[in-house]
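A.B. asks: Let's see this in three dimensions:
(one chain, ligands or ions: 1)
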Amino acid sequence: IGSASASTVRQVKLDRESELRIEVSNETPLRLRVLNGNAEIFGTELPPEIWLSFPPRLKFAVFTWYGATIEMDGTTETEYTADETPMVSYVNVHAVLEGRRNHAKASASKGSDTSQVQGPRVIVVGPTDSGKSTLSRMLLSWAAKQGWKPTYVDLDIGQGSITVPGSIAATPIELPIDSIEGIPLEMALVYFFGHTTPSNNLDLYKVLVKELAQMLEKQFTGNAESRAAGMVINTMGWIEGVGYELILHAIDTFNANVVLVLGQEKLFSMLRDVLKNKPNVDVVKLQKSGGVVSRNAKVRQKARSYRIREYFYGLTNDFSPHANVANISDLHVYRIGGGPQAPRSALPIGADPVANPLRLVPVNVDQDLLHLLLAVSYAKEPDEIISSNVAGFIYITDVDTRRKTVTYLGPSAGILPSKYLILGTLTWLET
Ligand code: ATP
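C.D. replies: As a prediction, the model looks like this:
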C-alpha cells in the first residue's frame, strides 16, 4: 500500500463502507470523479460524473456507504483503499446529535426555556493527528445536508481551518463543506491571538475563548434555528498539563454537552472522571481513523505558511491581493502582553515585576514589522482591542521611513476598517 502513481487515467472500484485514501502530489493537482455509485469526502457527497480538481498536497479519503467506482487522472504521493474505517461509529454519533437537534427544535416551538431548546454542543478532543478537524467536518456536513445550520468553532491556533493560524474563529455551516475549498470564511467571527501556541500568553488565549463564546451566545439569543442546530468545537492537539486545563476551560466556557475523545484512552478516562458530576455532559470515546496523516513539526510549519499564503492568494492563486499604501501616522499597532519589564530594583518593595499579560503595548511601525502578520481590529478605541473581533489580516511589505508610509498586502483594496492593528509573533516569508 501507499505507492505513488503514474499519471494515467485509472479506475478504482470501492466496496461498500470502504474508502480510497489519497495524498495529492506536491506539484500537480489531481483530477477525480465518481463514475458510478455514491461517494463522499469527509461527509460531503461528490457530484456524479463531474471531474473535480484537487490541489497539490491535499490529503483526503473518498468514502462510499454502498459502493462506487472512482476515476482519477494525475499523480499522487499515496493512494490506497481501506475497508477498515471508523465511519459507522462516526455516523452513529451523527444520528444521536440529529435526535437532539430535533428535540431542541420541537421544544423551541413550544416555548421552552434555553436549556430545553439548546441543540448539541459537541467538542472534539484528542492528541495531534487523531483526525479532530476531519471528524468535525463530517459532523457539520452531515448536519448541513439535513438542513441544519450548525456553528463550527475552531480553537486550534496551530493550524486553523477557518482562517490564518494564530486565530480562533467560528462560522455557521449552511451547506455541506466544499471538499476542495474547505470551511467558508465570509461569515466567520475571528479573534486574533497572534501566536501558534497558547503558552505564549495563556491568559489572553482564555480571554479570547471567552469572548468568542459570549459573542456566539448573544447571536443564539433570538436565533432558535442556530441554537437548535448546536455547535461543533474543534480543539488543539495539546492534551497534557496546561493543554488539558485548556480543554476543561473550553468545555466549561462553551457549555459543551457532548465530548468526543478521539484515539486516546487516558484522556477519555480523565475527562469521564472529572465530568462525572455533570450528568448533562456525555463523554464518548471514538476510534481514530487509520487514514489520518501524521505531520511533524516541519510539515506543520510549512502548512501554516501555505495557509497564510492561501488567505492572500487563494487556494489556486485565484485571488489577487492588493498592495496598498498608508501613512505610518494613520496606523496604531499594538502587541498584547509582555513589553519592557521594570527591573525588580526599580519597583516598590513587594510589587510584582511580572508584566500584565493583557496589557496593550504600542509598537513602532518600522522595518521590524516586515514579515509579521497584523490583524485589523474592529475596535473603535484602544481599550476595546482585546474584546473585539478582527476584520482580517494584512502583511507589511515595505516601510518607507523617508516618506513615512508603509506598503501592505491585504485581501482587498481600500481603506482599513480600523486604524488599530494587532501584532503577535506570527511570521510569514512570502515565497
Ligand atoms: P491536529 O493535530 O492539527 O489537531 P487533527 O487531529 O485535527 O490534527 P486532521 O487535520 O483531521 O487531524 O487530519 C490530519 C490529516 O489527515 C489531514 O490532512 C486530513 O485531511 C487527513 N485525513 C484524515 N482522515 C483521513 C482519511 N481517512 N484518509 C486520508 N486522509 C485523512
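A.B. asks: Correct me if wrong: Thr253 contacts Val209.
C.D. replies: Yes. The pair Thr253 / Val209 is scored as a contact, 5.5 Å apart, by C-beta atoms under 8 Å. All C-beta spots, glycine's among them, are computed from the backbone N, C-alpha and C.
A.B. asks: between the two, which one's more packed in?
C.D. replies: For Thr253 versus Val209, neighbours defined as other C-beta atoms under 10 Å are more numerous around Val209 (23 against 18).
A.B. asks: and the chain, which residues reach the ligand?
C.D. replies: 19, 21, 59-61, 128-134, 156, 158-159, 237, 289, 291-293 (C-beta under 6 Å from any ligand atom).
A.B. asks: Looking at those residues, which are in helices?
C.D. replies: Lys132, Ser133, Thr134 (DSSP state H).
A.B. asks: Of the residues you listed, which is the nearest to Leu260?
C.D. replies: Leu260 lies nearest to Lys132 out of these, by C-beta to C-beta, at 8.5 Å.
A.B. asks: Find the closest residue to the ligand in this protein.
C.D. replies: Closest residue of the chain to the ligand, C-beta to the nearest ligand atom: Gly291 (2.5 Å).
A.B. asks: ok, now how distant is that residue from Val284?
C.D. replies: 20 Å (C-beta to C-beta, to the nearest Å).
A.B. asks: okay, these two: which has more neighbours?
C.D. replies: Each of Gly291 and Val284 has its neighbours counted (other C-beta under 10 Å); Gly291 has more, 20 against 17.
A.B. asks: I figured the more buried one was touching Ala61, is that so?
C.D. replies: Yes. Using C-beta under 8 Å, Gly291 is in contact with Ala61, at 5.1 Å.
A.B. asks: So for those two, which residues contact both of them?
C.D. replies: Glu19, Arg21, Ala82, Thr85 (C-beta atoms under 8 Å, 6 or more residues apart in numbering).
A.B. asks: Assign a three-state SS to the last one, would you?
C.D. replies: Going back to what we said before, that points to Thr85. When classified by DSSP: H, G, I helix; E, B strand; the rest coil, Thr85 comes out as coil.
A.B. asks: Measure how buried it is and give me the count.
C.D. replies: 18.
A.B. asks: before we move on, what about the third one?
C.D. replies: Here the number of neighbours of Ala82 (other C-beta under 10 Å) works out to 16.
A.B. asks: So what sits opposite it in the bridge?
C.D. replies: As for beta bridges, Ala82 partners with Glu19 under DSSP bridges.
A.B. asks: now, among the ones in helices among the residues of the chain next to the ligand, which is nearest to Arg33?
C.D. replies: Taking those together and measuring to Arg33 by C-beta to C-beta, the closest member is Thr134, at 21.9 Å.
A.B. asks: Quick check: the closest one vs Glu19, distance?
C.D. replies: Applying C-beta to C-beta to Thr134 and Glu19 gives a distance of 12 Å.
A.B. asks: Next: Gln214.
C.D. replies: 39 Å.
A.B. asks: same question, Ala95
C.D. replies: Counting by C-beta to C-beta, the gap from Ala95 to Glu19 is 20 Å.
A.B. asks: and these two? which has more neighbours close in?
C.D. replies: Neighbours were counted for Ala95 and for Glu19 using other C-beta under 10 Å; Glu19 has more, 24 against 9.
A.B. asks: rewinding a little: so of the shared contacts of Gly291 and Ala61, which two are at opposite extremes in space?
C.D. replies: Farthest apart among these - using C-beta to C-beta - are Arg21 and Thr85, which lie 9.4 Å from each other.
A.B. asks: what do the two both touch?
C.D. replies: Joint contacts of Arg21 and Thr85 (C-beta under 8 Å, 6+ apart) are Ala61, Gly291.
A.B. asks: What segments of the protein are helices?
C.D. replies: Counting by DSSP H, the helices of the chain are 87-109, 114-117, 132-145, 202-220, 224-229, 242-253, 265-274, 297-313.
A.B. asks: Indicate which one of those helices is closest to Leu409.
C.D. replies: Per C-beta to C-beta, nearest to Leu409 of those: helix 297-313, 5.9 Å.
A.B. asks: mind listing what's buried in the closest one?
C.D. replies: Within helix 297-313, the residues that count as buried by 16 or more other C-beta atoms under 10 Å are Arg300, Arg304, Ser305, Arg307, Ile308, Arg309, Glu310, Tyr311, Phe312, Tyr313.
A.B. asks: What helices and strands are in contact with it?
C.D. replies: Helices and strands touching helix 297-313, by 3 or more C-beta pairs under 8 Å, 6 or more residues apart in numbering; DSSP states H and E, are strand 390-400.
A.B. asks: Looking at the strand it packs on now, give me its mean pLDDT.
C.D. replies: The predicted model assigns strand 390-400 a mean pLDDT of 93.
A.B. asks: in its sheet, what does that strand sit against?
C.D. replies: When DSSP bridges is applied, strand 390-400 pairs with strand 372-377 (antiparallel), strand 405-410 (antiparallel).
A.B. asks: Report the backbone C-alpha coordinates of that strand in PDB.
C.D. replies: Coordinates of each C-alpha in strand 390-400 appear next as PDB, following Å, rounded to 0.1, in the frame of the first residue of the first chain:
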ATOM      1  CA  VAL A 390     -10.900  41.200  13.700                       C
ATOM      2  CA  ALA A 391     -11.900  42.100  10.100                       C
ATOM      3  CA  GLY A 392      -8.900  40.400   8.500                       C
ATOM      4  CA  PHE A 393      -5.200  40.400   8.100                       C
ATOM      5  CA  ILE A 394      -2.500  42.500   6.400                       C
ATOM      6  CA  TYR A 395       1.100  41.900   5.700                       C
ATOM      7  CA  ILE A 396       3.600  44.800   5.500                       C
ATOM      8  CA  THR A 397       5.900  44.500   2.500                       C
ATOM      9  CA  ASP A 398       7.700  47.800   2.700                       C
ATOM     10  CA  VAL A 399       8.400  50.600   5.200                       C
ATOM     11  CA  ASP A 400       9.500  53.900   3.700                       C
END
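A.B. asks: Next, the angle helix 297-313 makes with that strand.
C.D. replies: Here the directions of strand 390-400 and helix 297-313 differ by 90 degrees (axes from the mean of the first three to the mean of the last three C-alpha atoms, to 10 degrees).
A.B. asks: got a list of contacts for strand 390-400?
C.D. replies: By C-beta under 8 Å, 6+ apart, strand 390-400 touches 163-164, 167, 190-192, 308, 311-312, 323-324, 328, 365-367, 369-370, 372-378, 406-412, 416-418, 421-422, 428, 430.
A.B. asks: Now the buried members of these.
C.D. replies: Counted by 16+ other C-beta under 10 Å, these give 163-164, 167, 190-192, 308, 311-312, 324, 328, 365, 369, 372-378, 406, 408-411, 416, 418, 421-422, 428 as buried.
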